[in-house]
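J.: Dropping the sequence and predicted coords here.
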Amino acid sequence: MQPVPSTRRTSLLASASILVTCASAHAQWTVINLHPAPTTESRAYGAAGSMQTGLATVDGQWHAGLWNASADTWIDLNPSGATSSVAWDADASQQAGYAMFGNTAQAGYWTGTADSWISLHPTVATGSQAYGTIGSQQVGYVSIGDGPRASLWNGTADSWVDLHPQNATESVAYATDGTNQVGYAKIAGRRIASMWLASADSWIDLSPSDIGNSEARDTTGSYQVGYAYDSNSQQTHAGLWFGSADSWTDIHPAQATESYALAAEADLQVGFAVIDDQPHASVWNGTADSWVDLHAFVPDEFISTVAQDIAIVGDTVYITGFGFNGLTDRDEALLWVGTVPAPPSLAPLALAGMLAARRRR
């Protein structure tokens, strides 16, 4: 699976009126197949409002693409002169990703059309990708010699900021909320879930104690989501942080052998859980028991599914992802659409966040 971040900015406490329960979620999810007719493969990665970003294969090459909740709205974003491209993430006004020019991946972003492409690739780099975007800010990595270096931009190649921590051999930033950036740094051979505040020396180690590799994949500003390898169960578990390593909260479903949280919005988290050796697109509400198997709502021909990103507009939830269609023998972009009712009381996840903040102070 390609590394796919998303960027979120909704305050957890401010969004306490947005909560989905397991029972209501089971009753309301519908699925839209976004696969564009003239293409041979497609995947949806990013979400912003009712807009989705990702890729579709055209003439054997990945082309970055943009949808508005239906297959026939797909727009090919592949820039002129690029052999291939991917749009990993979306914000209200732009789509972030990369384009291949010759043998070099160049980080960049679009504003809705192929000819709007702006390269973020620094002149000193041998490769770069942008994985997340919000407002005028983008995050990803830049390669200079050995390994990727977590990176931050503000709309231009010249604005590049190197977030690479001291003593790390590689690092990547997957997402930003405009203030915090999250990803991982590899130190002493171990991937460490990481958070930054726009500089290399602001690096925060989020890795839980007695845990193997871990990665932070998204941040809402109030909490972070990702996954960590549990050495006791010898499984990778989805989880949450509230800004520190000791705030780690495991949301791994009991039914799963592995789980990964890839994105979050308000009180909801999305990703996938491995059930019977197959990835199942998943949504959580802050606890392991709140897990909902989104795979249950796709047509029977889909063997596996992954949820990559989430956006909430009013009472409507948009979850992007893709699934492997056993009949067509290909990945196809998918969109889950549901509604979120207002809860009768403050969300348990918000309460947990307040307690974690008090402990840190």
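T.: Perfect, I can see it now. Worth saying up front: this structure is predicted, and the values here are computed from it rather than measured.

J.: And for the helix or strand encompassing A193, what's in contact with it?
T.: In this assignment (DSSP states H and E), A193 forms part of strand 190-196. For strand 190-196, the surrounding residues in contact (Cβ atoms under 8 Å, 6 or more residues apart in numbering) are 150, 152, 163, 165, 171, 173, 180-186, 202-207, 212-216, 219, 224, 226, 228, 241, 243. (C-beta placed from N, C-alpha, C; glycine too.)

J.: Please spell out the ChimeraX selection for the buried subset of these.
T.: For the buried members of these, the matching ChimeraX selection, counting by 16 or more other Cβ atoms under 10 Å, is:
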select :150,152,163,165,171,173,180,181,182,183,184,185,186,203,204,206,207,213,214,215,216,219,224,226,228,241,243
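
J.: Give me the below-cutoff pLDDT ranges for the protein.
T.: In the predicted model of the chain, residues 1-27, 341-361 satisfy pLDDT under 70.

J.: how much distance is there from the strand holding A193 to the middle of the chain?
T.: 16 Å (Cα atoms, centre = their mean, to the nearest Å).

J.: Show me which positions of it end up buried.
T.: 191-196.

J.: export the residues you listed to JSON lines and tack on distance to P38?
T.: Output for the buried residues of strand 190-196, formatted as JSON lines (distance: Cβ to Cβ, whole Å):
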{"residue": "R191", "distance to P38": "39"}
{"residue": "I192", "distance to P38": "43"}
{"residue": "A193", "distance to P38": "40"}
{"residue": "S194", "distance to P38": "40"}
{"residue": "M195", "distance to P38": "41"}
{"residue": "W196", "distance to P38": "41"}
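
J.: Closest one of those to T328?
T.: R191 (34.5 Å; Cβ to Cβ).

J.: Distance check, that closest one against T257.
T.: According to Cβ to Cβ, to the nearest Å, R191 stands 20 Å off from T257.

J.: count of residues packed around the closest residue to L34 other than its chain neighbours?
T.: Leaving aside its chain neighbours, L34 sits nearest to A333 (3.8 Å; criterion: Cβ to Cβ, 6 or more residues apart in numbering). Residue neighbour count, defined by other Cβ atoms under 10 Å, stands at 29 for A333.

J.: Show me what the longest strand anywhere in the chain is packed up against.
T.: Longest strand of the chain, by residue count under DSSP state E: strand 302-313. Packing partners of strand 302-313 (3 or more Cβ pairs under 8 Å, 6 or more residues apart in numbering; DSSP states H and E): strand 42-48, strand 258-265, strand 268-275, strand 278-284, strand 316-325, strand 330-339.

J.: looking at the ones you listed, which is closest to P299?
T.: strand 316-325 (8.4 Å).

J.: What residues sit buried inside the closest one?
T.: Result for strand 316-325 [16+ other Cβ under 10 Å]: buried residues 317-325.

J.: now do stretch 87-99
T.: 87-91, 94-99.

J.: Then stretch 127-136?
T.: 127-135.

J.: ok now that stretch, how far from the chain's centre?
T.: 12 Å.

J.: just how off-centre is stretch 110-120 within its chain?
T.: 21 Å.

J.: Give me the residues contacting it.
T.: Counting by Cβ under 8 Å, 6+ apart, 64, 66, 75-80, 82, 87, 93-95, 97, 99, 106-109, 128, 130, 138, 140, 153, 155-157, 160 sit against stretch 110-120.

J.: Stretch 287-305 too?
T.: 20-22, 25-26, 29-31, 249-255, 272-273, 275, 278-284, 307, 319, 321-328, 332, 334, 336, 348-349.

J.: Can I get it in CSV, CA atoms only?
T.: Coordinates of each C-alpha in stretch 287-305 appear next as CSV, following Å, rounded to 0.1, in the frame of the first residue of the first chain:
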residue,chain,number,x,y,z
THR,A,287,-12.4,3.2,20.8
ALA,A,288,-11.8,-0.4,19.7
ASP,A,289,-15.5,-1.3,20.4
SER,A,290,-16.7,1.5,18.1
TRP,A,291,-15.2,-0.2,15.0
VAL,A,292,-17.5,-0.5,12.0
ASP,A,293,-16.6,-2.7,9.0
LEU,A,294,-17.2,-0.6,5.9
HIS,A,295,-16.4,-3.6,3.8
ALA,A,296,-19.8,-5.0,4.7
PHE,A,297,-21.5,-2.4,2.5
VAL,A,298,-19.6,-2.9,-0.8
PRO,A,299,-20.9,-5.3,-3.5
ASP,A,300,-19.9,-9.0,-3.1
GLU,A,301,-17.4,-8.9,-6.0
PHE,A,302,-15.0,-6.8,-3.9
ILE,A,303,-12.5,-9.0,-2.2
SER,A,304,-10.7,-6.4,-0.1
THR,A,305,-11.2,-2.7,0.7
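
J.: buried stuff in that stretch?
T.: Buried, per 16+ other Cβ under 10 Å, within stretch 287-305: 287-288, 290-295, 297-298, 302, 304-305.

J.: Please consider this matter closed, and thank you.
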